[in-house]
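J.: Next one to model:
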Amino acid sequence: MRSLGDFGRGTGDHHHGYYYNLTGHAGDPSFRQLLNARTPYPTDWPSMASTVAYKRPPHPFLPSVISLPQKEGAPEYTRPGQFGARLGLEFDPVFVDGSREKPMTFTAPALQLHGDIGLGRLQLRRELLSSLDGTTRLVEHSLSAGSYSKQQEKAFSLLTAPQTKAAFDLSAEPESIRNQYGNTITATSLLMARRLVEAGVPFVTVFWKGSDLLSKLCKSGGGWDTHGNNFGCLRDHLLPEFDRPFAALLADLHDRGLLDTTLVLVSSEMGRKPKIGDPRSGGVSGAGRDHWTACQSVLLAGGGIQGGQAYGTTDKVAEYPADNPVGAEDIAHTVYRAMGIDDLNAIDAEGRPFRLMEEGQPIAALF
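T.: As a prediction, the model looks like this:
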């Protein structure tokens, strides 16, 4: 674990926090102007996940980047920073949906045949689409159209690959393994992540699935945004639901010989204010902690990271970084180093060259 400073780049709202931590880039002025009303833009910086998909060879039958158990913030406040953006639509993650009510059931809307559409009808539709595309190309030459064509080709390949369904079938896991993780949506999402890693998917993101109970109890929107009852919510709900499956994930990856080649990263969009008592939940009596962008902690394991060390310190009240402060851009560089990505040159969706990262550097001392 180590301290993370935002060097004054944080705005205190969730949208920018997601964007900064998922891409390694501070947001443009629109984040300060629009806050949580700021929607994803096609000119945004790509997520670390999409960058890895762009730089690594494509998976033979699965998406190269998968997020579960939800598209974060959708549909009302879809969070910027989780998409391919300027790299193009083809590097967007495939989003897999799960629920707290049925934690063993996952669906990938992009990989499903609906209604009476079997493989035969799908093939006929593909032939029709090819015919229409041939006509369309006579009048359309934009690169964005090419991006859609690649997305269509990938969707057809995924829908017709027999291995695709098997990768998302948790019932194939031995009961003993499922019991180690637990039966919450967090547990099954982490187990699914391990299955996808084992199947060779380069980048898997697991977001926290909110809970109506925690939303009321913690004034948190259902997650870790503990504006009220911070310590009770951590002790009785949040930490127990996270700790068990996370420990199981690391042990499972280790037992399968995958931990040394799999970087596990636990992060958030911001830290929590050191001072107890968020005014929006009653002040000190509400025992909440407000947003705090100046300092937070990130956990890294596997992927060549030397365990058992803390990089960086804070002041005595965990308010600001002290020794070895780093930012989200350094975390992004560290992820790319662990993934063997040294060349950070790219071509955007309009065919223009650009650098994926100009600021930051890998945290070499962690390896």
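J.: contacts, neighbours, all on C-alpha from now
T.: Will do.
J.: can you count the residues close to residue 330?
T.: 20 (other C-alpha atoms under 10 Å).
J.: Give the full set of residues in contact with it.
T.: 24, 359-363 (C-alpha atoms under 8 Å, 6 or more residues apart in numbering).
J.: Could you dump those into a markdown table with distance to residue 307 added?
T.: Formatted as a markdown table, these follow (distance: C-alpha to C-alpha, whole Å):
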| residue | distance to residue 307 |
| --- | --- |
| 24 | 23 |
| 359 | 26 |
| 360 | 22 |
| 361 | 20 |
| 362 | 17 |
| 363 | 14 |
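J.: List only buried entries from the residues you listed.
T.: In the contacts of residue 330, burial by neighbour count holds for 24, 360-363, counting by 16 or more other C-alpha atoms under 10 Å.
J.: May I ask which two of those residues are separated the most?
T.: Longest distance between any two of the buried ones among the contacts of residue 330 is 13.6 Å, between 24 and 363; criterion C-alpha to C-alpha.
J.: which neighbours do these two share?
T.: By C-alpha under 8 Å, 6+ apart, the residues touching both residue 24 and residue 363 are 330-331.
J.: For the stretch 51-200 of the chain, just list every one of the strands.
T.: 65-68, 94-95 (DSSP state E, counting those that start in this stretch).
J.: So what's the gap between the longest one and the chain middle?
T.: Using C-alpha atoms, centre = their mean, to the nearest Å, we find the averaged C-alpha position of strand 65-68 to lie 7 Å away from the chain's own average C-alpha position.
J.: same deal with stretch 303-322?
T.: 22 Å.
J.: So which bits of it are buried?
T.: 303-305, 311-314, 318-322.
J.: SS state for the most centrally placed residue in the chain?
T.: Nearest residue to the geometric centre of the chain (C-alpha atoms, centre = their mean): residue 205, 3.7 Å. Of the three states, residue 205 takes strand under DSSP: H, G, I helix; E, B strand; the rest coil.
J.: Pull the contacting residues for it.
T.: With the criterion set at C-alpha under 8 Å, 6+ apart, residue 205 makes contact with 49, 65-68, 193.
J.: Go again with 10 Å.
T.: Neighbouring residues of residue 205 by C-alpha atoms under 10 Å, 6 or more residues apart in numbering: 49, 65-70, 82, 93, 95, 189-190, 193, 264-266.
J.: Going by residue numbers, what spans are helices in this structure?
T.: Using DSSP state H, the helices of the chain run over 14-23, 29-34, 48-55, 119-136, 143-160, 162-167, 175-181, 185-198, 212-218, 230-233, 239-255, 328-338.
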